[in-house]
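Undergrad: here is my input; please provide its structure:
(one chain, ligands or ions: 1)
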Amino acid sequence: MHLVETADRNLSAYDPYIDDRRRQTIREAADELAGERIGHVNSTASGGGVAEILHALVPLSVDVGVDVDWYVMDAPNEFYTVTKTIHNALQGDRAPFLDEMRETYRRVTRENAADLEEEYDTIVLHDPQSLGMAPLLAERFPETTLVWRCHIDLTAAATPYLEFVRSFLDPIDHTIVSRSSYGERLSDVAQTVVHPAIDPLTEKNCPLEELPDNAPDSDDYPFETDRPLIVQVSRFDPWKDPLGVVEAYRDVAASIPDVQLVLAGGMPDDDPEGMEVYREVAAETENDADVHLLTDLPDAGINVLQRSADVVLQKSFREGFALTVSEALWKETPVVGSNVGGIPLQIDDGTNGYLVEPNDVGAAADRTVQLLTDDELRPQLGRGGRETVRERFLLPRLLEDYLTIVVEEAD
Ligand code: UDP
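TA: Model (predicted):
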């Protein structure tokens, strides 16, 4: 494992987004945790929602006086191939679960657990990738509280994979899930529902005027700003249904011929499928000059894109939460999203966007057309989205939730 460096954050900068009650709860929790050490462990420092959250949560916790470190696992590619299969099966795929896969997972997670030199009062293991560290950590550090933070939707998990996950839960003191239904098939261990959140001050989410002078702007990207634009920001992953997005866009183009589509996706280290899916989508769209695939954009570029979009799509088949939805809503861009996982926690149908069934490409296209052709509806839903995120999905609320859980477990 290795430590991840994060940029400083200062709680006072979040004043516009914190009321007095929340500020006080955070301060009291931080006081109670004085002298305690917390470690977070996940499998990548960049790309995907978990890394996004930890880059914000860790330095903000440090700023309020809590001693927090963040580790990323060291693992060979074969481990990520195995954990991607586990991830997919926990979301509902039915792949065979071979003994050598279990063996690779056990070996690498054990090696990482053996690697930890420092002692912590609480260790938060994120997602299935790091969960396998729990037994050895419990053996080596019996006094440490172990928390498993599962960010994915387990409701349709393939049974052998879910049983494998359950086999590591004995030493876990507390699990955190994004929706209560995700935890129903786990175990009797204490469980709390925590919704993820976005950081309003980062280059990804701040007003464009606050970006540095050398940050990209819409002229740096291949779409035209005076034509309608649909965007999906997501890893190139079958669960995010990029091909379904292309299909919906084509449906939209039948009635709005000058519409454009941007699919933006990074290539995180722990996602070996990404390149393959990217190639498939690129082959499908190579003859369409109005479809642009953009990879590895800087945060400011994602910001520009989510603000340039007239409609953001999130056409996923499964989605633990989908930070990308809150990111778009915060920028007053209405979202047409699938009615799965964390998306309906964020989209209130008709208030800040629309929910459609995940297989219903036609419905996604119809709602997109409705939004693109109604110049009053778009800003109205956009304002609704900003309010949703302001009330429920900003970083200070997440900080409060985490600190509260750690304090409760420490008592
Ligand atoms: N993201 C990014 N660049 C990309 C694609 C995604 O920075 O090209 C970010 C996106 O803005 C969001 C996170 O990666 O903050 C994805 O989180 P989400 O919860 O939507 O999905 P996950 O990847 O965790 O399944």
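Undergrad: contacts and neighbour counts: CA atoms only from here.
TA: Will do.
Undergrad: what strand or helix carries residue 383?
TA: Taking DSSP states H and E as the criterion, residue 383 maps to helix 377-392.
Undergrad: the helix or strand following that helix - contacts with which helices or strands?
TA: As assigned by DSSP H and E, the chain's next helix or strand after helix 377-392 is helix 395-410. The helices and strands touching helix 395-410, judged by 3 or more C-alpha pairs under 8 Å, 6 or more residues apart in numbering; DSSP states H and E, are helix 20-32, helix 49-63.
Undergrad: related to what we said a few turns ago, tell me the mean pLDDT over the helix holding residue 383?
TA: Across helix 377-392, the average pLDDT comes to 98.
Undergrad: return the residues of the protein in contact with the ligand.
TA: Within the chain, the positions adjacent to the ligand are 47-50, 52, 233-235, 264-266, 295-297, 299, 321-324 by C-alpha under 6 Å from any ligand atom.
Undergrad: from these, keep the buried residues only.
TA: 47-50, 52, 233-235, 264-266, 295, 321-324 (16 or more other C-alpha atoms under 10 Å).
Undergrad: hmm, which two among the residues you listed are most spread apart?
TA: 295 and 321 (21.7 Å; C-alpha to C-alpha).
Undergrad: please flag which of the residues of the chain next to the ligand sit within helices.
TA: 49, 50, 52, 299, 323, 324 (DSSP state H).
Undergrad: buried sites along the helix holding residue 383?
TA: Under 16+ other C-alpha under 10 Å, the buried positions of helix 377-392 are 377-390, 392.
Undergrad: dump the residue contacts of the spatially most central residue of the chain.
TA: In the chain, the residue lying closest to the centroid (C-alpha atoms, centre = their mean) is residue 49, at 2.4 Å. The contact partners of residue 49, by C-alpha atoms under 8 Å, 6 or more residues apart in numbering, come to 322, 323.
Undergrad: try 7 Å this time
TA: Applying C-alpha atoms under 7 Å, 6 or more residues apart in numbering, we find residue 49 in contact with residue 323.
Undergrad: that one and residue 238, how far apart?
TA: To residue 238, residue 49 is 16 Å away according to C-alpha to C-alpha, to the nearest Å.
Undergrad: please apply the same query to residue 116.
TA: Relative to residue 238, residue 116 is positioned 34 Å away (C-alpha to C-alpha).
Undergrad: state which one residue of the stretch 151-300 of the chain is found closest to the ligand.
TA: residue 265 (3.1 Å; C-alpha to the nearest ligand atom).
Undergrad: thought that residue was touching residue 296?
TA: Yes. With contacts counted by C-alpha atoms under 7 Å, residue 265 reaches residue 296, the gap being 6.4 Å.
Undergrad: leaving out sequence neighbours, find the closest residue to residue 401.
TA: Nearest residue to residue 401, sequence neighbours excluded (C-alpha to C-alpha, 6 or more residues apart in numbering): residue 194, at 6.8 Å.
Undergrad: tally up the residues packed near that neighbour, please.
TA: Here the number of neighbours of residue 194 (other C-alpha atoms under 10 Å) works out to 18.
Undergrad: over to it: give its phi and psi.
TA: phi -130, psi 130 (degrees, to the nearest 10).
Undergrad: could you pull up the contacting residues of it?
TA: Residue 194 neighbours (C-alpha under 7 Å, 6+ apart): 176, 177, 178, 401.
Undergrad: among those residues, which are located in strands?
TA: 176, 177 (DSSP state E).
Undergrad: which of the contacts of residue 194 count as buried?
TA: In the contacts of residue 194, burial by neighbour count holds for 176, 177, 178, 401, counting by 16+ other C-alpha under 10 Å.
Undergrad: which stretch of helix or strand covers residue 123?
TA: Here residue 123 is assigned to strand 122-126, by DSSP H and E.
Undergrad: what pLDDT, on average, does that strand get?
TA: Here the average pLDDT along strand 122-126 is 98.
Undergrad: partner strands of it, with direction?
TA: strand 37-42 (parallel), strand 145-149 (parallel) (DSSP bridges).
Undergrad: helix or strand for the closest residue to residue 31 other than its chain neighbours, just tell me which one.
TA: In this structure, residue 31 finds its nearest non-sequential neighbour in residue 65, 7.8 Å apart by C-alpha to C-alpha, 6+ apart. Here residue 65 is covered by no helix or strand, with elements defined by DSSP H and E.
Undergrad: and residue 65, how far from residue 37?
TA: From residue 65 to residue 37 the distance is 11 Å (C-alpha to C-alpha).
Undergrad: grab the nearest non-local neighbour of residue 172.
TA: Nearest to residue 172 is residue 146, by C-alpha to C-alpha, 6+ apart, at 5.1 Å.
Undergrad: looking at the buried residues of helix 377-392, which is nearest residue 243?
TA: Of the buried residues of helix 377-392, the one sitting nearest to residue 243 (C-alpha to C-alpha) turns out to be residue 378, at 24.9 Å.
Undergrad: how many other residues sit next to the residue lying closest to the closest one once chain neighbours are set aside?
TA: Nearest residue to residue 378 in three dimensions, chain neighbours excluded: residue 371, at 5.7 Å (C-alpha to C-alpha, 6+ apart). Other residues lying near residue 371 total 22 when counted by other C-alpha under 10 Å.
Undergrad: which helix or strand contains the nearest residue to residue 314 once chain neighbours are set aside?
TA: Once flanking residues are discounted, residue 314 sits nearest to residue 337: 4.5 Å by C-alpha to C-alpha, 6+ apart. Using DSSP H and E, residue 337 falls within strand 335-338.
Undergrad: look up how far residue 183 lies from the residue nearest to the centre of the chain.
TA: Residue 49 is 19 Å from residue 183, by C-alpha to C-alpha.
Undergrad: for residue 329, same thing?
TA: Residue 329 is 27 Å from residue 183, by C-alpha to C-alpha.
Undergrad: just residue 226 next, same as before
TA: 46 Å.
Undergrad: neighbour count winner among these two?
TA: Using other C-alpha under 10 Å, the more surrounded residue of residue 226 and residue 183 is residue 183, with 22 against 8.
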